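**Q** okay, predicted coordinates and the sequence, questions at the end:
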Amino acid sequence: MGFPKFRPHLLAAVALLLGSVEAYGAAAAPRNVLFLIADDLNNLLGCYGDPLAQTPNLDRLAARGVKFERAYCTYPLCGPSRNSFLTGLYPNSDGILTNGQIFRQTIPTHVSLPQVFRQQGYFAARIGKLYHYNVPNSIGTNGHDDPASWELELNPAGVDRLEEQPKITTLTPGQFGATLSWYASPKGDFEHTDGKQAQDAEWVLERCAKRKDRPFFLAVGFFRPHTPYVSPKPYFDQYPVDRMPVVQGVKEDQADIPAPALASAKREQDNMTDDQRRQARQAYYASISFMDANVGRVVDALDRLGLAESTVIVFTSDHGYHMGEHGLWQKMSLFEESARIPLLIVAPGVSKKGAVVPTPVSHLDLYPTFAELCGVKPPGNLQGQSLVPMLKDPSVTGRGWALTQVQRGIAAAGKAGKAGKAGKAAAGSEARKGEFTREGAGADRRFFGYSLRTQRWRFTEWAEGKLGRELYDHDADPKELTNLADKPEHAATVQQLAQQLHAAVKTTFPASGETPAVREGPLWAPVLVAP
């Protein structure tokens, strides 16, 4: 029995239908993704108004797309923050509250951001740090990575890791990642890890440009400006040390701040001289400019290869960073400097050039935003909002707030191992700043601080307010120098924001209402798709 004969008018109709499908497919072609992330970067950038920062490449990127003026991390520490935005879940839902862990130990079947792209046909590649690494010791390895997230992983290591460590100035002998440390290297850009990563990114993009039939999700995780602040000397020369500012009035500022808010302080930082403070700031700025140069190299390659019009570019950091504000350095606080992050998005055909979004947004919003821009179907349990409406119209308010949390206190005997280095650091700070609770020895005295950021206010509670509250009016006090929480004239504002904070915190937990426990012992077996 042969095939039936088609009449000419039916053949024409089929051809028209196929042509329509082909046209629709062309119009709905998936976008590529270039995800650029810095490590321990605050908003000391030219495009965010810093008068000293020399960041021409990020400034151009901001002019090319949308700058989010008030973007915040969910947790001001590398591991929890990165697991959070790569899962699209708050730390209370993914269970990762310290470094050295990954969400497969808590929610092993969850589909990560790059994994969902990979499952839906994308080439997913990682260069450098996306999940947590022990910096600098893990540079050149996979760190605490998730193999199911990537088809390709590249881990270059430069002289900053392989040769120069003995020459680095450090406040704590033998330590380089957890304490302030710096070095002006005589070696060139491409001999350093971040320079090598930029070269690797160009190589990967060249491969992608030849495969126009397959979209890509390329994530490049630069290690700078994380300590040790090591970069080529010319970047140090851009910032004369005698021009570096030193924060003044610290004791007066700390007078109205609850003890838990200052618990991220470290003794060696408290004892720094003003000369050391200037040197540390110089080195931090230098590392930012070095990172900026490498961002420029990657974006220039994208443009040169003709990929710009089909590629979403996102630049951010894992959390903010202190440079002496409130007497604090580095991270792990709930002040603006530690919680706030840079966020730049270029979405061709969607975003407006040079636009600024004033409403608060969260790292949590990246996953649903990537998915909507690229037509990728995300998991149903994501906790963020899509930023696409704001890319189209910067006046859109969206959620209107962002929530950041951090853990403090000391774990009970037998639980200290789960707290890790971050828990030990908090415990050490607690001993200096005074006891936070009155339970006896052996009690689990861990607790959370939660901070709600609206467009005008930052409101923070420690242990649900039992151990202190903070209220800062950013319209009048952008440096958060005056705590208004106990002022009678602001009682109504405190009450309103407390209710809003408590409601927001409830949304950070999974449907069960319980944070998933970390599975100790042997790690998970990587699974690309659900078993």
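**A** Structure received.
**Q** got a list of what residue 507 touches?
**A** Neighbouring residues of residue 507 by CB atoms under 8 Å, 6 or more residues apart in numbering: 90, 383. All C-beta atoms are positioned from the backbone trio N, CA, C, and that covers glycine.
**Q** how far away is residue 290 from residue 230?
**A** With distances taken as CB to CB, to the nearest Å, residue 290 is found 9 Å from residue 230.
**Q** more neighbours, these two?
**A** When neighbours are counted by other CB atoms under 10 Å, residue 290 and residue 230 differ, and residue 230 comes out ahead with 32 against 25.
**Q** from the chain's centroid, how far away is stretch 507-525?
**A** Averaging C-alpha positions (CA atoms, centre = their mean, to the nearest Å) puts stretch 507-525 21 Å from its chain's average.
**Q** for that stretch, buried residues please.
**A** Neighbour counts over stretch 507-525 (16 or more other CB atoms under 10 Å) mark 508, 510, 515, 516, 518, 524 as buried.
**Q** out of these, which are inside strands?
**A** Using DSSP state E, no member of those falls within strands.
**Q** between the residues you listed, which sits nearest residue 167?
**A** Closest approach between these and residue 167, by CB to CB: residue 518, at 37.4 Å.
**Q** show me the contacts for the closest one.
**A** For residue 518, the contacting residues are 95, 96, 101, 105, 106, 418, by CB under 8 Å, 6+ apart.
**Q** look up how far residue 130 lies from it.
**A** Residue 518 is 20 Å from residue 130, by CB to CB.
**Q** repeat that for residue 244.
**A** 31 Å.
**Q** give me the nearest residue to the residue nearest the centre of the chain, chain neighbours excluded.
**A** With distances taken as CA atoms, centre = their mean, residue 318 lies nearest the centre of the chain, 1.9 Å away. Nearest non-adjacent residue to residue 318, counting by CB to CB, 6 or more residues apart in numbering: residue 81, 4.6 Å away.
**Q** wait, isn't the residue nearest to the centre of the chain in contact with residue 72?
**A** No: taking contacts as CB atoms under 8 Å, residue 318 lies outside contact range of residue 72: 11.8 Å.
**Q** between those two, which contacts overlap?
**A** Both residue 318 and residue 72 are contacted by residue 341, under the criterion CB under 8 Å, 6+ apart.
**Q** chain center to the helix or strand where residue 299 lies: distance?
**A** Using DSSP states H and E, residue 299 sits in helix 274-304. Remark: helix 274-304 is offset 17 Å from the chain centroid, using CA atoms, centre = their mean.
**Q** next one: stretch 450-458
**A** In this view, stretch 450-458 has its centroid 18 Å away from the chain centroid, taken as CA atoms, centre = their mean.
**Q** for that stretch, give the mean pLDDT please.
**A** Averaged across stretch 450-458, pLDDT comes to 98.
**Q** tell me the buried residues in it?
**A** Within stretch 450-458, the residues that qualify as buried by neighbour count (16+ other CB under 10 Å) are 450, 451, 452, 453, 454, 457, 458.
**Q** please name the nearest non-neighbouring residue to residue 201.
**A** residue 298 (4.6 Å).
**Q** just the pLDDT at that neighbour, thanks.
**A** 98.
**Q** residue 207 versus that one, what's the distance?
**A** Computed as CB to CB, the residue 298 to residue 207 distance reads 14 Å.
**Q** neighbour count winner among the two?
**A** Neighbour comparison, residue 298 and residue 207: the larger count goes to residue 298, with 24 against 13 (by other CB under 10 Å).
**Q** now the strands: where do they sit in the stretch 1-150 of the chain?
**A** Taking DSSP state E, counting those that start in this stretch as the test, the strands found in the stretch 1-150 of the chain are 32-38, 66-68, 71-72, 123-128.
**Q** with the stretch 301-450 of the chain instead?
**A** Going by DSSP E, counting those that start in this stretch, the stretch 301-450 of the chain shows strands at 311-317, 322-323, 329-330, 340-341, 343-346, 355-357, 361-362, 402-408, 447-453.
**Q** for the fifth one, list the C-alpha coordinates in PDB.
**A** Listed next in PDB are the C-alpha coordinates belonging to strand 343-346 (Å, rounded to 0.1, in the frame of the first residue of the first chain):
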ATOM      1  CA  LEU A 343      24.300  44.100  39.700                       C
ATOM      2  CA  LEU A 344      24.500  44.900  36.000                       C
ATOM      3  CA  ILE A 345      22.400  43.200  33.300                       C
ATOM      4  CA  VAL A 346      22.600  43.700  29.600                       C
END
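**Q** sheet-wise, list the partners of that strand with their directions.
**A** Here strand 343-346 has these sheet partners by DSSP bridges: strand 66-68 (antiparallel), strand 311-317 (antiparallel).
**Q** no further queries at this time; thank you.
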